[in-house]
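Asker: Following is a predicted model, sequence given first.
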Amino acid sequence: MHKKLEDSRFCSIDIETTGLNVASDEIIAFACIPIDKSKILVRDLYYTLIKPNEYVFSSMKYHGISKNNLTNAPVFKEIADRIMNVLDGVIVGYAVDFDYSFLKRYFKGLGVKLKRDVLDIAMIEKGLRYQLGEVCQDLSFEGIMRSYGLRPCYRHNACADAFLAAQIFQFQMRRLAALGLDSTDRIIKFVKRHRYADPGLAF
């Protein structure tokens, strides 16, 4: 039986890292905002800095997190249970396979398997535009924000990006439902048909 979209639970996530190499770079910030019955539960936001083994100064120009900010931050092992608990539902985000791959690697390092359904809002947007015959192909995070009248404030802050992704997903859920895609299973299949983003997908 298909679970109706309005009855499903999602979690919009974002991470900040020391670089883009999923195999070797490290997570330094994590944010998760639950979406339940189509409502963004801002009061239940979970955000944490995470102390890396090695800080990369060059990455600071993107996320603004200094080495000093991380001095008293927990290491991932200390908060792994909390993060696993907040990842309660289908994971949503922009270019979210990147975030999900980092998290899977970290949990694997602790002997834990992370397995969740994942929805990329860029892939949803690509599918929606194709279905509706829209010609705009700017699938950058900023481009999608602009298309929904959202301002790209505090970009590369994990909290802000998770919240912006959640807002975009709210808009998308209404459009998907109007196309008859009113269950989580149907949306996951819809996204799989549009799995690969256009070149130029930007973080």
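Answerer: It's in.
Asker: check contacts around the most centrally placed residue in the chain.
Answerer: The geometric centre of the chain, computed from its C-alpha atoms, lies nearest to Gly93 (Cα atoms, centre = their mean), at 2.4 Å. Residues in contact with Gly93 (Cβ atoms under 8 Å, 6 or more residues apart in numbering) are 12-14, 99, 120-121, 161-162, 165. (Glycine included, C-beta is placed from N, CA and C.)
Asker: try it again with 7 Å
Answerer: 12-14, 99, 121, 165 (Cβ atoms under 7 Å, 6 or more residues apart in numbering).
Asker: What is the distance between the worst-scoring helix or strand of the chain on mean pLDDT and the centre of its chain?
Answerer: Counting by mean pLDDT, DSSP states H and E, the chain has its least confident helix or strand at helix 60-63, which shows a mean of 82. Chain-centre distance of helix 60-63: 18 Å, with Cα atoms, centre = their mean, to the nearest Å.
Asker: now do stretch 143-155
Answerer: The answer for stretch 143-155 is 15 Å, by Cα atoms, centre = their mean.
Asker: in it, what's buried?
Answerer: 143-145, 147 (16 or more other Cβ atoms under 10 Å).
Asker: Those residues into TSV, with extra columns for pLDDT, distance to Ile40 and secondary structure?
Answerer: Output for the buried residues of stretch 143-155, formatted as TSV (pLDDT from 0 to 100; distance: Cβ to Cβ, whole Å; DSSP: H, G, I helix; E, B strand; the rest coil):
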residue	pLDDT	distance to Ile40	secondary structure
Gly143	92	21	helix
Ile144	94	17	helix
Met145	94	15	helix
Ser147	92	19	helix
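Asker: Counting neighbours, what do you get for Val191?
Answerer: 21 (other Cβ atoms under 10 Å).
Asker: with the buried residues of stretch 143-155 in mind, which one is nearest to Ala178?
Answerer: Using Cβ to Cβ, Ser147 comes nearest to Ala178 of those, at 16.1 Å.
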